[in-house]
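J.: can you look at this prediction? I've put the sequence above it.
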Amino acid sequence: MEILIKNIRVIDPYTNTDGIRDVLISRNVFASVGKNINKRASKVIDGTGLWLLPGLIDMHCHLREPGNEEEETILSGSTSACSGGFTTICCMPNTQPCVDNKVVVGYIIEKARKAPIKVLPYGTITLERKGTSLAPMGELSDAGVVGFSDDGNCVMDSLIFRRALEYSKPWGKIVVSHSEDHMLSKNGVMNEGALSTKLGLRGIPPEAEHIMVYRDITLAKLTGARLHLAHLSTKKSIELVKEAKKNFKNITCEVTVHHLVLTEDALINYDANAKVNPPLRTLQDVKALIKGIKENVIDAIVTDHAPHSEEEKGSGIENAPFGMIGFQTALPLAMTLVKYGLKPIQIIEKMTLGPARILKIQTNTISEGAEANCVIFDPKKEWVLTKENILSLSKNTPFLDMEITGKVLCTFYHGSPVFSDKTLI
Ligand code: DOR
């Protein structure tokens, strides 16, 4: 099938393109990208007012298979992701059992064959994510993991973390740190401050993050290994990374969409769906994160899509697990950052090229000859996120029943539409 998209705004960080083009998709590649393409095609799409973006890459999400398939499977999660414009997602290894051996890696890779998009698993840093002895990192790497992380848990033992960084080097794969001092954050529910006191909820001080960000950077410098700092949430963390990046190239970091668009105020009504780890912080922190994107201190924007059942999230804010889903809201919510002066191409860069560079995987680009992984996005379309249109098996999001501006209309993977909201194709 040949698809010709006319007059669409192509935004592609890889080629630094932001302009109106015609795009011809033939077989599984972009056959032509230019102005006034008049080739016959089996399908012609009028792209007026729409955007064509490279397929998004999410380097941090949680699928719950194996172990908690009622919350998410590899298929349900990847289906939800592709409807949000993602064509590659990387899933964290905190499944049950966790991904600390090649058998579980093989299981995920096998299941991922049925996914509509690419799913790349992480392996753990330590056995059972307990932080006490290293996982077989070579075996995990050979089995196909994209990097190593104990996400959800911080490797508190600095010697173990140092060894993990050292052992990761021969495979050239990143170690993704969940930087949190668990002693400081113990039993915490939300950001520590006046609001947590007012709400009577135990706080997680920003220092629980800073201390470990500082330690992790220090150990990355000591070992020369590639460190990636996950879901940074505070002003101080960004300052630490900015300083470290001045003379050390092996440090990268990410921020989640929810830490960019929400503050701790989302917890005012004790909404457990806004309980995430690290916690939502203050407006001052949010502004620093946005500045971090502008200044390229932050390399990637991620979803940290974290499905949880209604029962678990409904068990009271103190007992509820951390996390919110995010695949289908990530792109429109990230685009709201243009109001702070970010350009759409800067935002897309952090959701495509940025993560691809960190992971050393191929990025998506709307260039002639490149594999046609792309997204048609309507930046003006208004829609309401409902339990019915969430394709994830879990519905834990504070954005439920809210009106959202901007919607993915179609996602192409290998040149085929793997998601369409039926208005175009
Ligand atoms: O909010 C979170 N949820 N943060 C994490 O680090 C883990 C994740 C999960 O697995 O639910």
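T.: Received the coordinates, thanks.
J.: burial count for the nearest residue to L229 once chain neighbours are set aside?
T.: The shortest distance from L229 to any non-neighbouring residue, by CB to CB, 6 or more residues apart in numbering, is to C253 (4.0 Å). The C-beta positions use only the backbone N, C-alpha and C, and glycine is treated the same way. The number of residues packed near C253 is 28, by other CB atoms under 10 Å.
J.: start the count at 5, not 1, going forward
T.: New numbering, starting at 5: the last item is C257.
J.: wait, is C257 part of a helix?
T.: No. Counting by DSSP: H, G, I helix; E, B strand; the rest coil, C257 is not part of a helix but strand.
J.: who in the protein is up against the ligand?
T.: Within reach of the ligand by CB under 6 Å from any ligand atom, the chain has these residues: 66, 98, 155-156, 182, 280-281, 308, 310, 325-327.
J.: give me that answer again for 5 Å
T.: Residues of the chain lying close to the ligand by CB under 5 Å from any ligand atom are 66, 156, 280-281, 310, 326-327.
J.: turn the residues you listed into CSV, including neighbour count, pLDDT and distance to T390.
T.: Shown next, in CSV, are the residues of the chain next to the ligand (neighbours: other CB atoms under 10 Å; pLDDT from 0 to 100; distance: CB to CB, whole Å):
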residue, neighbour count, pLDDT, distance to T390
H66, 24, 99, 22
G156, 19, 98, 28
V280, 24, 99, 21
N281, 19, 98, 26
A310, 28, 99, 20
F326, 17, 98, 24
G327, 24, 98, 20
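J.: which among those gets closest to K317?
T.: G327 (8.8 Å; CB to CB).
J.: so that closest one touches P311, yeah?
T.: Yes. The pair G327 / P311 is scored as a contact, 7.3 Å apart, by CB atoms under 8 Å.
J.: overlap in contacts, those two.
T.: Residues touching both G327 and P311 comprise 66, 400, with contact defined as CB atoms under 8 Å, 6 or more residues apart in numbering.
J.: how close does the residue of the stretch 55-204 of the chain found nearest the ligand sit to F381?
T.: Nearest to the ligand in the stretch 55-204 of the chain, going by CB to the nearest ligand atom, is G156, at a distance of 3.9 Å. G156 sits at a distance of 31 Å from F381 (criterion: CB to CB, to the nearest Å).
J.: and if you look at A119?
T.: Counting by CB to CB, the separation of A119 from F381 is 21 Å.
J.: who's more crowded, these two?
T.: In terms of neighbours (other CB under 10 Å), F381 is the more surrounded of A119 and F381; the figures are 27 against 21.
J.: bridged to that one, which residues?
T.: Beta bridges link F381 to W55, V412, judged by DSSP bridges.
J.: return the residues in contact with the residue nearest to L233.
T.: 232-234, 236, 241, 245, 301-304.
J.: state the pLDDT value of it.
T.: Among the per-residue scores, C257 holds a pLDDT of 99.
J.: what of the one 10 residues further on?
T.: The pLDDT attached to T267 in the predicted structure is 99.
J.: next: the one 10 residues further on.
T.: Reading off the confidence values, N277 has pLDDT 98.
J.: how near is N11 to L124?
T.: Taken as CB to CB, the span from N11 to L124 is 34 Å.
J.: and those two? Which one has more around it.
T.: L124 (19 against 16).
J.: wait, is that one part of a helix?
T.: No. Per three-state DSSP, L124 lies outside any helix segment and is strand.
J.: do you know how far the nearest residue in space to it that is not next to it in sequence is from D62?
T.: Leaving aside its sequence neighbours, L124 sits nearest to V150 (CB to CB, 6+ apart; 4.2 Å). Applying CB to CB, one obtains 12 Å for the distance of V150 from D62.
J.: what touches both of those two?
T.: C94.
J.: which helices and strands sit right next to the longest helix belonging to the chain?
T.: Determined from DSSP state H, the single longest helix within the chain is helix 211-227. Using 3 or more CB pairs under 8 Å, 6 or more residues apart in numbering; DSSP states H and E as the contact test, the elements touching helix 211-227 are helix 162-172, helix 186-189, strand 231-233, helix 239-251.
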